Every structure is written in structure tokens, then in C-alpha cells.
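A.B. asks: No letters, just coordinates:
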């Protein structure tokens, strides 16, 4: 473990039926210098990875509720106890929904106010850089990432929202006001232990100026490769 | 167990239990609001508000050792059919 270099760190990316952004998440991990490892929803096997990303998409067609079926996939039976034991996990968009359904994160994602599917670049402010996924950001750093979701409004009871605030567990907020009705302009949160992070917009689409709005998202994937983050 | 065939079910063994799932009152329901807006455009101006929910019809076999059917369906609703963080459910027995 001590001799581990960033290049050998393995980041698993789960593919569910209906996942869309698993390839982009893999590309982002590779671009940051990690080794992406594909994980399959039907396998009860995390293949010895050091961290896991649940990518965006429409797992199981969003049947029942977004993430509600994926939460019971065989790979989740391995992931949930591993996350509770400290494995770093990042859920992006649909992955955030899966993490809430799995009760690895508090609250839930609900339908956007106004019903519109929001598909545009947004600026988010990193408010918590003490997670393994955000340690490379300066506190308050504003980055531009892609938001593309119809069920992206974060909701939780008042007590949970207050606890997130007082515990500093809000990872990111929309810098220009919530585009989807998200409570407290919340774009992402962390679990109490800090290793599990959910984010509604897509940092994996903002790692390359050729294909996205700049490179502001890349540090989500490089942060986790630092030894302290994945220790 | 090898060779053991489960007894075939007849219609009599199966009960239909209905689970209604609604967003909690404090959770914003933009779909219901859009439907209410359509009501007004259609001339149903007396409609004050609409909230949209889901109805599940669960067909379930004989109660096993786990408990009576309505209790099993309530467990199912709490674990899968509804998200207790944002939704509430009501069960209508056989």
C-alpha cells in the first residue's frame, strides 16, 4: 500500500442496464491518471478496486423511481457494505439517485420544478473540499460542469437540510441559483463519513475543452488518486 | 429440494392487494401542478389542485411463515414500492 502510485489506483465504474455515462467516467479516470475498472451490475464483485463511481444514465429505465431498482442490483450488495466500511464512492446524476435510494446518502432527488429536463452548463461552487473526491479543489472554487437531468431537485426534511449545513456535508451548490428547484441550491452532498459523495451535474463531461465546458471537473477524478484520499 | 414440486396455485390462493403511493404533502409535485393547469385550460376552472400518485396491484400467494399478506405487502411497500423519505403509502386489503 505504501508504494502505491496514482497510476496503479483502480477506480471501478459500474454499468447498469441503462447507464449512459460509464464510458465518459472511465475516460475521466484515465485522463486523471487512474486505472478505470469496469464493474457489471450483475456481478457480486468489486474486483479489488480502490474507489467506485456510479455513473449517470437511466438505470432500469428509471422504472418505479430513478435508482430504485438499481439499488438492489447484485453489485450493490457488495458496494453498500464496502461504502459503509469507508470505500470512496462517487455517484453522478443517476448514481446520486442510486446512492439516495440505497440510503448511503440522506434525502432524495425529485422531479425538477417546472418539469423541464435541464440540459445545460452550470456553475457550481465547491463548498466541501474535505472529501476524497474534492480535496483538489480550493474551498469556494467555482467550476463549470454539465447538468442534464429531469429528476434532479434535491429534497430532504428540514432537519436533514439543517444537519447537512451544520456538518458541512454540502459538497457543491449551484452558484447562480438552483436551475431545478433543488433545496438550498444543493448540487451535491457527502455522507456523514465523507467517503460517499453524490453530485447531480456531471464533472466527467468537463475534463476536456474539446468535448465539454473546460476542464473544471477533472479534479473530482484526480483528487481520489492522491494517497490520502483513498487510504 | 431436488424432485420436490411446489404445489400449483389456484386463483383462490392469490389475493390482490392495492398499494397507493403519494408524494408527502410537503413535497412539491410539479406533475400535479401541470395537470391542474391543463384542467383550467380545458374549462374545469373549479379544479383547485391535483396531486399525482401511483397505484400498485400486488397479487400475492398464501401467507407464509413471514406473516399475513397485508403485513408482507406493507413491508414490500416500505422497502421498494415507496421511498419513505418523500412518499407515503396506503394499503387496501383483499
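C.D. replies: The structure has been received and is ready for your questions. Keep in mind it's a predicted model, so treat the numbers as computed, not measured.
A.B. asks: For the most centrally placed residue in chain B, give its distance to residue A:134.
C.D. replies: Central residue check for chain B by C-alpha atoms, centre = their mean: the C-alpha nearest the mean position is that of residue B:19, 2.4 Å away. As defined by C-beta to C-beta, to the nearest Å, residue B:19 lies at a distance of 40 Å from residue A:134. Every C-beta, even on glycine, is put in place using the N, C-alpha and C of the backbone.
A.B. asks: can you check residue A:86 too?
C.D. replies: Taken as C-beta to C-beta, the span from residue A:86 to residue A:134 is 17 Å.
A.B. asks: Which one of the two is surrounded by more residues?
C.D. replies: Between residue A:86 and residue A:134, residue A:134 has the larger neighbour count (other C-beta atoms under 10 Å in any protein chain shown), namely 27 against 14.
A.B. asks: Residue A:17: how many residues sit nearby?
C.D. replies: Based on other C-beta under 10 Å, the number of other residues close to residue A:17 is 14.
A.B. asks: wouldn't it be in contact with residue A:42 here?
C.D. replies: No. Under the contact definition of C-beta atoms under 8 Å, residue A:17 does not touch residue A:42, with a separation of 9.0 Å.
A.B. asks: Residue A:100 should be in a helix, yeah?
C.D. replies: Yes. Applying DSSP: H, G, I helix; E, B strand; the rest coil, one finds residue A:100 inside a helix.
A.B. asks: Provide the secondary structure category for residue A:37.
C.D. replies: Relying on three-state DSSP, one would call residue A:37 strand.
A.B. asks: That one and residue A:107, how far apart?
C.D. replies: Here the distance between residue A:37 and residue A:107 works out to 29 Å (C-beta to C-beta).
A.B. asks: Could you do residue B:55 as well?
C.D. replies: For residue B:55, the distance to residue A:107 (C-beta to C-beta) stands at 25 Å.
A.B. asks: same check, this time on residue A:199
C.D. replies: Spatial separation of residue A:199 from residue A:107 under the definition C-beta to C-beta is 13 Å.
A.B. asks: ok, now residue A:24?
C.D. replies: Here the criterion is C-beta to C-beta. By it, residue A:24 lies 25 Å from residue A:107.
A.B. asks: and what of residue A:68?
C.D. replies: From residue A:68 across to residue A:107, the span is 15 Å (C-beta to C-beta).
A.B. asks: Check residue A:59 too.
C.D. replies: Separation of residue A:59 from residue A:107 (C-beta to C-beta): 19 Å.
A.B. asks: residues in contact with the longest helix seen in chain B?
C.D. replies: Taking DSSP state H as the assignment, the helix of chain B that covers the most residues is helix B:30-41. The contact list for helix B:30-41 (C-beta atoms under 8 Å, 6 or more residues apart in numbering or on different chains) reads A:111-115, A:181, B:45, B:47-52.
A.B. asks: helix, strand or coil for the residue nearest the centre of chain A?
C.D. replies: Within chain A, the residue whose C-alpha comes closest to the C-alpha centroid is residue A:91; the distance, by C-alpha atoms, centre = their mean, is 2.9 Å. The three-state label for residue A:91, taken from three-state DSSP, comes out as strand.
A.B. asks: Isn't it up against residue A:200?
C.D. replies: No. Assessed by C-beta under 8 Å, residue A:91 is found out of contact with residue A:200, at 9.6 Å.
A.B. asks: picking that back up, what sits against the residue nearest to the centre of chain A?
C.D. replies: A:53, A:54, A:97, A:98, A:99, A:105, A:196, A:197, A:198, A:199.
A.B. asks: give me the beta-bridge partners of it?
C.D. replies: Partner residues in beta bridges with residue A:91: residue A:54, residue A:198, with DSSP bridges as the criterion.
A.B. asks: Next, count neighbours for the closest residue to residue A:169 other than its chain neighbours.
C.D. replies: Among residues not flanking residue A:169 along the chain, residue A:190 sits closest, at 4.9 Å (C-beta to C-beta, 6 or more residues apart in numbering or on different chains). Residue A:190: 26 surrounding residues under other C-beta under 10 Å.
A.B. asks: what residues does chain A put near chain B?
C.D. replies: Along chain A, the residues adjacent to chain B under the rule C-beta under 8 Å from any C-beta of the partner chain are A:64-65, A:68, A:72, A:100-101, A:106-108, A:110-115, A:153, A:155-157, A:181.
A.B. asks: check contacts around residue A:175.
C.D. replies: Residue A:175 makes contact with A:122, A:123, A:124, A:125, A:142 under the criterion C-beta under 8 Å, 6+ apart.
A.B. asks: quick one: contacts of the least confident helix or strand in chain B by mean pLDDT?
C.D. replies: Lowest mean confidence among the helices and strands of chain B (mean pLDDT, DSSP states H and E): helix B:69-76, at a mean of 92. Contacting residues not belonging to helix B:69-76 are listed as B:15, B:17, B:19, B:58, B:60, B:63, B:66, B:91, B:93, B:94 [C-beta under 8 Å, 6+ apart].
A.B. asks: What subset of the residues you listed is buried?
C.D. replies: B:15, B:17, B:19, B:58, B:60, B:91 (16 or more other C-beta atoms under 10 Å in any protein chain shown).
A.B. asks: Greatest separation within those: which pair is it?
C.D. replies: Pairwise distances across those peak at 12.8 Å for B:15 and B:19 (criterion: C-beta to C-beta).
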